[in-house]
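Participant: only the shape, not the letters, is given here:
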């Protein structure tokens, strides 16, 4: 069975297309069955990367912590680029259960709203609020500021002093519905 990791390694062979909204997408594996609709609960495994990291591009992977990202489509809890990549629209076909797709999402459809100035003069921002997915912020050991994945995410996508936000790269595997 194909996995998110194998999709990432095969990225060079993917045939990318660009939607009207600017999302670049390519299917590594087309799923089967009926596409999800807004209002339905879905779950994905993802590998989150960035197009502009100085020390490597990978930020987070749900499979490494055995914790898929789940939400109700259209409920406002998830970035628009991921929702569009699953539901389809703007030239992207709906993703089918079991499929694996790479999305390259512009900041406006990802985390641009997280890089806003804090209400006080401190540079401390809570990036765990707002649209997800967001890597967990659980310290790995006593004295840590938070998980390394969360800190990388925060430095890249929640930093108001960064002159630009790089594109978000998500390799996603859409799970099928239970009982269907």
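Facilitator: That came through, no problem. None of the values given here were measured: they were computed from a predicted structure.
Participant: and the top helix by length along the chain, what other elements does it pack with?
Facilitator: The longest helix of the chain (DSSP state H) is helix 148-157. Judged by 3 or more CB pairs under 8 Å, 6 or more residues apart in numbering; DSSP states H and E, the packing partners of helix 148-157 are strand 41-50, strand 58-61. Every C-beta, even on glycine, is put in place using the N, C-alpha and C of the backbone.
Participant: and stretch 160-178, which residues are buried?
Facilitator: Across stretch 160-178, burial judged by 16 or more other CB atoms under 10 Å covers 165-176.
Participant: return the distance of the longest helix of the chain from the chain's centre.
Facilitator: Centroid displacement of helix 148-157 relative to its chain, using CA atoms, centre = their mean, to the nearest Å, is 13 Å.
Participant: let me see the contact set for residue 103.
Facilitator: Each residue near residue 103 by CB atoms under 8 Å, 6 or more residues apart in numbering is listed here: 23-25, 81-82, 85, 168-170, 172.
Participant: kindly report the same for residue 111.
Facilitator: For residue 111, the contacting residues are 79, 130-131, 157-158, 165, 168, by CB under 8 Å, 6+ apart.
Participant: next step: those residues restricted to helices.
Facilitator: With helices taken from DSSP H, the overlap with these comprises residue 157.
Participant: out of the contacts of residue 111, who's nearest residue 102?
Facilitator: residue 168 (11.2 Å; CB to CB).
Participant: for the contacts of residue 103, which one is nearest residue 41?
Facilitator: For these, the minimum distance to residue 41 (CB to CB) is 14.4 Å, reached by residue 82.
Participant: in a strand, the closest one, correct?
Facilitator: No - using DSSP: H, G, I helix; E, B strand; the rest coil, the secondary structure at residue 82 is helix, not a strand.
Participant: any idea which helix or strand carries the residue nearest to it when sequence neighbours are not counted?
Facilitator: Leaving aside its chain neighbours, residue 82 sits nearest to residue 170 (6.3 Å; criterion: CB to CB, 6 or more residues apart in numbering). Remark: residue 170 resides in strand 168-174, with elements defined by DSSP states H and E.
Participant: and that strand, what does it pack onto?
Facilitator: Counting contacts by 3+ CB pairs under 8 Å, 6+ apart, strand 168-174 is packed against helix 4-9, strand 41-50, helix 80-87, strand 100-105.
Participant: mind putting those into JSON lines with mean pLDDT and distance to residue 73?
Facilitator: Listed next are the helices and strands packed on strand 168-174 as JSON lines, based on pLDDT from 0 to 100; distance: least, CB to CB, whole Å:
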{"stretch": "helix 4-9", "mean pLDDT": "51", "distance to residue 73": "19"}
{"stretch": "strand 41-50", "mean pLDDT": "95", "distance to residue 73": "6"}
{"stretch": "helix 80-87", "mean pLDDT": "98", "distance to residue 73": "6"}
{"stretch": "strand 100-105", "mean pLDDT": "97", "distance to residue 73": "15"}
